[in-house]
Structure formats: C-alpha cells, structure tokens
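[1] Kindly return the folded structure for what I paste below:
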Amino acid sequence: MRWWRAMACAVLGLASAATAQPRPPLVLAAASLQESMTAAADAWAAKGHPKPVISFAASSALARQVQAGGRADLFASADEAWMDVLNRGGLLASGTRAAWLGNRLVVVAPVANPVRLTVRTLGPTLARGPLAMADPASVPAGKYGKAALQRLGAWDAVAPRVVRAENVRAALALVQRGAAPYGIVYATDARASAGVRVAGLFPAASHPPIRYPLARLKASTNPEAEGFRRFLLSREGRGIFVRYGFSAK
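    Numbering: from 1, shown residues only. Predicted coordinates:
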C-alpha cells in the first residue's frame, strides 16, 4: 500500500502544480498615472492574466524604494532622471527601458475661479500665492514646474509662496480643497478632476520635455511582468493612456 500512497501524493502534487495561478506583477507607477494605469491593468486582466498590483507615488519615492531593496517588477516614472538613477545603479533589466508617454504642464484653479492666465500674467499671479506644487527639489512635476517658472523669470518671486506637496496628486488635492488658489500639475491630472479647471498652460519650450519611461526591474522574477510591459508599450496599451490625455512616444 505504500506504493499506492506515494503514487497518490505524486498525482496530487502534479494537479496542484497544474492549477497554480501565476502571480500578478507589482508595478511602481508615478502618481499621475492612477486612472490610466488602473484601466490598463483591467484591460490586461480581461485577457485572462492576473491583474497587476499597482503602487502609486511620486517617482522619486518609488525610485528610492527600489534603491533600498524594495521588490517590484516594473517601474513607470514621470521623468527620465529617476529612471537614469536606477539605470546607473544597475537596477534595470537590460534592454527593457523604453520611451513611453508624454504630458503637458498646466496651472489649475478651482472651477469657480474664472481667471485665464497668459504667459505674461502667469508669473505675477502665481507670485501672490499660495501655489501648490509637487516638491520641486525631487518630484518630477515640481521639477518641471520650477524649470518653467525659472524660464519665465518668475521663480524667485514665486518660490516663497510655494506649498510643497509629496506628489502631483497631493498638489491637485490642495487646489480642490481650496487650500491654494492655484496649482501646477499635469494636463492629465486636471482632466481627472471635476473640482478644478485649467487656468493656464505652460509653453512646452519653457521646461524639459515631459517624458514617461517604462522599464522592468532587474530583480523581477515574475514571468507575467514582461508580458504586461510589452502590453503597455503596444498600440493597444498606449491607446488606453492616450484616452486619458497622455501623448504616445
């Protein structure tokens, strides 16, 4: 009977392995990708894959998490600089980094505020403060905003009035709640909120191009990660983000 029990255990083991479900990939994504990345994860799951688990935060915070040894499979950054940091640290899977999406930088105000800002009035108006923006020392949206205000010659006057937020969505929330009359966010963030309106648009030449790179992390061991990365880069995948206001690269 021992041989029968051993065979039964072997059969059960094979059945268990056959029915084991693949693990969902863990994606670290810039805060500005909340709605769009969630929609992409839903579309991937609808194809029969495990739905990716997504952690949203400032690109700076996510990159530092990876540097500290945090485990994840994919990184979607809101700028090239933080992806460069991980690349220099040997933390990206070779050949998986790709140009992916683009965005625009805008000034938002509560919907009840009818002001329309031009390049000429933007600096003096924001200098009255307070101005909500992601931390310009490290967060991509804040860095883009600071560069734009410097290019327009307004940063020195605006800087003392800045309310620094941990990420671009936190800056958006300050304007939504009325804690700041204006905020600097991405065009896609403004589109995602019914509580704000675009009061002004920064000229594209006033700041470095807003580029979202995507890469698989070197420490990833999940076979599902590469499939989802390829889906995000595909025409179908990029199309999801275009519907949310991003441009495809």
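
[2] Tell me how far residue 188 lies from residue 226.
    26 Å (Cβ to Cβ, to the nearest Å). Where C-beta positions appear, they are placed from N, C-alpha and C, glycine not excepted.

[3] So for the two, which residue has more residues nearby?
    residue 188 (22 against 16; other Cβ atoms under 10 Å).

[4] Now the element after the helix or strand bottoming out on mean pLDDT in the chain, going C-ward?
    The helix or strand of the chain with the lowest confidence, counting by mean pLDDT, DSSP states H and E, is helix 2-19 at a mean of 43. Counting by DSSP states H and E, the next helix or strand C-terminal to helix 2-19 is strand 26-30.

[5] That following strand packs against which elements?
    Applying 3 or more Cβ pairs under 8 Å, 6 or more residues apart in numbering; DSSP states H and E, we find strand 26-30 packed against helix 34-45, strand 53-57, helix 59-67, strand 74-76.

[6] List the pairing partners of it within its sheet, with orientation.
    strand 53-57 (parallel), strand 74-76 (parallel) (DSSP bridges).

[7] Comparing the ones you listed, which comes out most buried?
    Across those, averaging neighbours per residue (mean count of other Cβ atoms under 10 Å) puts strand 74-76 on top, at a mean of 26.

[8] Now tell me what touches it from outside.
    The contact list for strand 74-76 (Cβ atoms under 8 Å, 6 or more residues apart in numbering) reads 25-30, 33, 37, 52, 62-63, 66, 83, 86, 92, 100, 212-217, 220, 225, 228-229, 232.

[9] could you give the mean pLDDT of that strand?
    Across strand 74-76, the average pLDDT comes to 98.

[10] where along this protein do the strands fall?
    Along the chain, counting by DSSP state E, strands occupy 26-30, 53-57, 74-76, 98-102, 105-110, 131-134, 162-165, 182-186, 196-201, 211-216, 247-248.

[11] and those as CSV, adding distance to residue 44?
    Formatted as CSV, these follow (distance: least, Cβ to Cβ, whole Å):
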stretch, distance to residue 44
strand 26-30, 10
strand 53-57, 11
strand 74-76, 12
strand 98-102, 15
strand 105-110, 29
strand 131-134, 28
strand 162-165, 30
strand 182-186, 23
strand 196-201, 30
strand 211-216, 14
strand 247-248, 17
